[in-house]
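Q: predicted model and sequence follow; I will ask about them next.
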Amino acid sequence: MMMSEDAKFDKLIADKAEFMKQNRFVHISRNYNPRDVATLAGSMDTATVYPSASQATKLYNLLRNHKAKKTATHTFGALDPIQVIQMAKSLETIYVSGWQCSSTASTTHEPGPDVADYPYDTVPTKVKQLFKAQQMHDRRQQEERSRQTAEWRAKNPAVDYMRPIIADADAGHGGLSACMKLTRLFIENGAAGIHIEDQKAGTKKCGHMGGKVLVAAQEHAQRLRACRLQADIMNTPLVIIARTDAESATFLDSNIDPVDHPFIVGATQPVSMTFSQASIEGKAVQWNEQAKPLNFCTLVRNKLREQNKSLDQWERVVFTGVGIAELRKEASRLVGEELYFDWEVARAPEGYYQLKGGNEMGIVRAQAFAPFADAVWMETGKPILEQAKFFAAGVRKAYPNLILAYNLSPSFNWDAAGMSDQQIKTFISDLGKEGFTWQFITLAGFHSNALVISEFAEAYGSERGMEAYVNMIQRKERAAKVEALTHQKWSGAELLDRMLGVATAGQSSTSAMGAGVTEQQFEQPVSRM
């Protein structure tokens with residue numbers, strides 16, 4: 001007997017409720033209920049299972065296990081199917097960088113800097129390519145191992161090619177509907193997790209560029225909720241990482257959220273010309289030292305120091321999320337006078353508020369995003385362990401169970417970071433002890449590709465010729481037992497033969513790895529003159 005429409009809908013609500021109350025989501029807050037999700041899911045919802053769902057569960061469990069042990073899992077940005085498969089033997093996760101995609105994989109085929117002006121399907125398309133490579137090599141390995149003995153398999157453990165993929169969602173490429181569509185593409189294409197940052201879509205830049213504009217904290221929280229809603233609609237426990245660029249951003253597009261107020265820059269004495277007017281008229285604002293623009297937080301600190309007063313009471317109030325009116329009132333009480341402060345005159349020609357963020361703003365924003373994200377990440381300008389500890393301690397006060405992430409950026413000049421080689425060596429584990437459970441070098445795939453090809457091309461283009469290839473590539477592949485040495489086999493030719501054999505009941509006479517395959521030469525003893 002067929003279920004009625006109402007019965008089907010009631011079952012869908014019950015299924016959504018069961019999904020959303022999993023222990024997996026114990027640290028996640030939602031501003032909607034299972035019925036809301038069911039109304040958006042469609043009648044085929046319960047029949048749809050995305051492969052990325054199991055990958056997301058795998059990723060979440062991996063991160064939780066590392067956090068419990070105060071260790072870290074670390075990875076880097078994969079450039080192509082070759083890299084993602086070679087990484088699988090040594091690393092637990094795979095990263096897909098928006099920067100790498102912008103420079104090497106835009107769906108318009110036009111490379112450019114990391115300002116997210118490429119089509120929004122660019123990074124999901126790269127995820128799809130890498131995920132399909134993972135699936136193919138997983139099948140290839142299973143077919144190959146099925147031809148071996150149990151004793152051989154016991155001595156030669158399988159490689160887990162299905163390493164969870166975490167991808168760069170930039171700033172969502174638009175409003176909330178764009179965030180949801182982007183999330184859907186990532187889930188459909190195999191991503192286990194995504195990270196999304198609090199910059200303004202349309203002005204987004206690489207975290208290591210200047211001129212970054214943040215959206216109000218509550219707007220980014222809405223993005224995170226929109227991404228979670230889309231994942232709930234698709235029955236996928238997607239891992240969502242909230243990134244903040246609060247440490248170095250210089251502009252804020254709206255002062256609507258009180259948690260941002262302590263960090264907005266304003267004039268501390270009356271001025272004759274605003275930044276916007278000066279820009280239009282081609283003049284420069286002449287700030288005297290007394291009128292030098294500061295954020296309100298710093299203004300009050302400076303005044304208290306001048307009066308030799310303690311900062312303790314101010315520090316207890318300033319980051320509690322109260323707005324400028326309450327901050328002014330508390331500052332007047334502590335300082336003993338009403339302080340002049342005007343953030344309107346310091347606005348940029350585009351209307352953006354000037355911003356002086358820093359570590360404290362990063363902590364405040366991480367706390368604002370924590371209820372809606374599985375992990376948070378503050379982009380930083382340098383690899384400073386003490387800064388990371390300060391950030392982690394600030395976040396832990398309110399959200400001790402929150403997972404932290406860290407960008408081991410190649411934009412850092414690591415040799416100028418003031419660390420010894422031993423400190424660089426232990427940097428990942430030292431961060432892991434502080435709760436930075438997932439760490440990644442965004443562009444290591446890009447840089448390693450550039451280095452290896454540059455060195456080989458130079459040698460091959462010289463009088464060394466083929467000797468350069470044999471010594472720099474082929475012999476090293478053989479010594480390191482890199483499977484790509486026999487590239488026909490690596491590409492799945494044996495798997496294809498098996499498929500054709502099964503399809504033709506063993507009657508196929510066009511075996512790709514049969515008589516005449518050149519790679520049989522690699523089975524012969526090495527002979528050198």
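A: Arrived safely. Residues are numbered from 1 along each chain as shown.

Q: contacts and neighbour counts: CA atoms only from here.
A: Fine.

Q: how far off centre is stretch 214-226?
A: 16 Å (CA atoms, centre = their mean, to the nearest Å).

Q: show the average pLDDT along it.
A: Mean pLDDT, computed over stretch 214-226, is 97.

Q: how about it as CSV, C-alpha atoms only?
A: The C-alpha trace of stretch 214-226 is given here as CSV (Å, rounded to 0.1, in the frame of the first residue of the first chain):
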residue,chain,number,x,y,z
LEU,A,214,35.0,42.3,6.3
VAL,A,215,31.2,41.9,6.5
ALA,A,216,29.5,42.3,9.8
ALA,A,217,30.0,39.3,12.2
GLN,A,218,26.3,38.5,12.1
GLU,A,219,26.2,38.5,8.3
HIS,A,220,28.9,35.9,8.2
ALA,A,221,27.1,33.9,10.9
GLN,A,222,24.1,33.8,8.5
ARG,A,223,26.4,32.5,5.8
LEU,A,224,27.4,29.6,8.1
ARG,A,225,23.8,28.8,8.9
ALA,A,226,22.9,28.9,5.2
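
Q: okay, now Thr426: neighbour count?
A: Thr426 sits with 11 neighbouring residues when counted by other CA atoms under 10 Å.

Q: which element is it on?
A: For Thr426, the host element (DSSP states H and E) is helix 421-433.

Q: which one's the longest helix in the chain?
A: helix 122-146 (DSSP state H).

Q: which strands and helices lie in contact with that helix?
A: In terms of contacts (3 or more CA pairs under 8 Å, 6 or more residues apart in numbering; DSSP states H and E), helix 122-146 is packed against helix 81-87, strand 94-96, helix 98-104, strand 165-168, helix 176-189, helix 493-503.

Q: quick one, what contacts the closest residue to Leu214 other than its chain neighbours?
A: Spatial nearest neighbour of Leu214, excluding adjacent residues (CA to CA, 6 or more residues apart in numbering): Gln199 at 4.2 Å. Shown in contact with Gln199 (CA atoms under 8 Å, 6 or more residues apart in numbering): Ala171, Lys212, Val213, Leu214, Val215, Thr244, Asp245.

Q: can I get those in JSON lines with distance to Cys297?
A: JSON lines is the format used below for the contacts of Gln199 (distance: CA to CA, whole Å):
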{"residue": "Ala171", "distance to Cys297": "27"}
{"residue": "Lys212", "distance to Cys297": "21"}
{"residue": "Val213", "distance to Cys297": "20"}
{"residue": "Leu214", "distance to Cys297": "18"}
{"residue": "Val215", "distance to Cys297": "19"}
{"residue": "Thr244", "distance to Cys297": "19"}
{"residue": "Asp245", "distance to Cys297": "19"}
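
Q: re earlier: and the next helix or strand after the helix holding Thr426, which strands flank it?
A: Sequence-wise, the next helix or strand downstream of helix 421-433 (DSSP H and E) is strand 436-441. Paired neighbours of strand 436-441 in the sheet (DSSP bridges): strand 73-76 (parallel), strand 403-407 (parallel).

Q: pull the CA atoms of stretch 449-459 into PDB?
A: Taking C-alpha atoms only, stretch 449-459 is exported to PDB below (Å, rounded to 0.1, in the frame of the first residue of the first chain):
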ATOM      1  CA  ASN A 449      55.200  21.600  -9.000                       C
ATOM      2  CA  ALA A 450      57.000  24.800  -9.900                       C
ATOM      3  CA  LEU A 451      60.200  23.800  -8.300                       C
ATOM      4  CA  VAL A 452      60.400  20.200  -9.700                       C
ATOM      5  CA  ILE A 453      59.500  21.300 -13.300                       C
ATOM      6  CA  SER A 454      61.900  24.300 -13.200                       C
ATOM      7  CA  GLU A 455      64.800  22.100 -12.100                       C
ATOM      8  CA  PHE A 456      64.000  19.400 -14.600                       C
ATOM      9  CA  ALA A 457      63.300  21.700 -17.500                       C
ATOM     10  CA  GLU A 458      66.600  23.500 -17.000                       C
ATOM     11  CA  ALA A 459      68.600  20.300 -16.900                       C
END
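
Q: buried set for it?
A: Of the residues in stretch 449-459, Ala459 count as buried by neighbour count, 16 or more other CA atoms under 10 Å.

Q: thinking again about what came up before, and the contacts of the helix holding Thr426?
A: The contact list for helix 421-433 (CA under 8 Å, 6+ apart) reads Lys67, Lys70, Thr71, Ala72, His74, Leu385, Ala388, Lys389, Thr437, Gln439.

Q: now it against strand 436-441, angle please.
A: For helix 421-433 against strand 436-441, the angle by axes from the mean of the first three to the mean of the last three CA atoms, to 10 degrees is 130 degrees.

Q: now helix 421-433: buried residues?
A: For helix 421-433, the neighbour count (16+ other CA under 10 Å) marks Ile424, Phe427, Ile428, Ser429, Asp430, Leu431, Gly432, Lys433 as buried.

Q: where does the prediction get shaky in this protein?
A: For the chain, the stretches flagged by pLDDT under 70 are 1, 45-47, 272-291, 509-529.

Q: quick check: which element contains the residue nearest the centre of it?
A: The chain has His195 as the residue nearest its centroid, 3.9 Å off, counting by CA atoms, centre = their mean. According to DSSP H and E, His195 maps onto strand 193-197.

Q: could you give the angle of that strand to helix 176-189?
A: Strand 193-197 and helix 176-189 are oriented at 160 degrees to each other (the same axes, to 10 degrees).

Q: how far out from the middle of the chain is strand 193-197?
A: Using CA atoms, centre = their mean, the offset of strand 193-197 from its chain centre is 5 Å.

Q: with stretch 351-362 instead?
A: Worked out by CA atoms, centre = their mean, stretch 351-362 lies 21 Å from the chain centre.

Q: and for that stretch, what's in contact with it?
A: The contact list for stretch 351-362, computed with CA under 8 Å, 6+ apart, reads 213, 244-255, 260, 263-266, 276, 294-295, 343-344, 346-348, 378, 387, 390-391.

Q: so which of the helices and strands packed on helix 122-146 gets nearest Val395?
A: Closest to Val395 of the helices and strands packed on helix 122-146 is strand 165-168 (CA to CA; 22.4 Å).
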